[in-house]
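J.: Prediction below, plus the sequence it came from.
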Amino acid sequence: MAKKRILVIDDEINILNSLRRILDGKYIVDTALGAEKASKLFVNSNTCFDVILCDFMMPNMNGEDFYHFISKTSPQLKNKIIFMTGGKYTDDMQKFFDDTSMMTLPKPFSTEELLLTIEKVTSLDDDKRSQHEQIKD
């Protein structure tokens, strides 16, 4: 089975590097320093990701902005986003998470929590693929 591809988006280089070290070897890992750079990946590339691990609180283009961008440009990926969140939710953040039912990973998180959350997203995709294959049989 081919390795799953993950895009990690954060505005802090140290977090990107830490997550790359944890995930490298288990997954193919791409990183983007901020959601603006990540959005350019989707405009300039045909790369498909199995999971998008995205910080929510970032300058310029935050997680909600990135979600809306993906919903318009690559809607098949919007359910593959896991938002890393830290601190207290604002009312707007809570409304966004309530309205979209997005998967979140509260900071700080352990390696085990990270891997389990990624597995949830990839297994949902595998379940859909398996159901599709059963229908074709």
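T.: Sure, I can see it.

J.: Where do the strands of this protein begin and end?
T.: Assigned by DSSP state E, the strands in the chain fall at 5-10, 28-33, 51-55, 81-85, 103-106.

J.: how many neighbours does the closest residue in space to Ile22 that isn't next to it in sequence have?
T.: With Cβ to Cβ, 6 or more residues apart in numbering as the criterion, Ile22 has its nearest non-adjacent residue at 5.5 Å, and that residue is Thr111. Using the backbone N, CA and C atoms, a C-beta is placed for each residue, glycine as well. For Thr111, the neighbour count with other Cβ atoms under 10 Å is 11.

J.: From Ala38, how far out is Thr111?
T.: From Thr111 over to Ala38 the distance is 23 Å, taken as Cβ to Cβ, to the nearest Å.

J.: For burial, what's the neighbour tally of the nearest residue to Thr100 once chain neighbours are set aside?
T.: Excluding the flanking residues, the one nearest Thr100 by Cβ to Cβ, 6+ apart is Tyr67, at 6.9 Å. Number of residues near Tyr67 (other Cβ under 10 Å) recorded here: 20.

J.: What's the mean pLDDT across stretch 42-55?
T.: Mean pLDDT, computed over stretch 42-55, is 88.

J.: ditto for stretch 122-137
T.: Stretch 122-137 shows a mean pLDDT of 50.

J.: next one: stretch 9-18
T.: pLDDT averaged over stretch 9-18 gives 96.

J.: Need the distance between the two termini of that stretch.
T.: 12 Å (Cα to Cα, to the nearest Å).

J.: what's the spacing between the residue positioned nearest the centre of the chain and Lys88?
T.: The centre of the chain sits closest to Ile52, judged by Cα atoms, centre = their mean, with a distance of 2.2 Å. According to Cβ to Cβ, Ile52 and Lys88 sit 24 Å apart.

J.: Which residue is the nearest non-sequential neighbour of Asp55?
T.: Leaving out its chain neighbours, Asp55 is closest to Asp10 (Cβ to Cβ, 6+ apart), at 4.2 Å.
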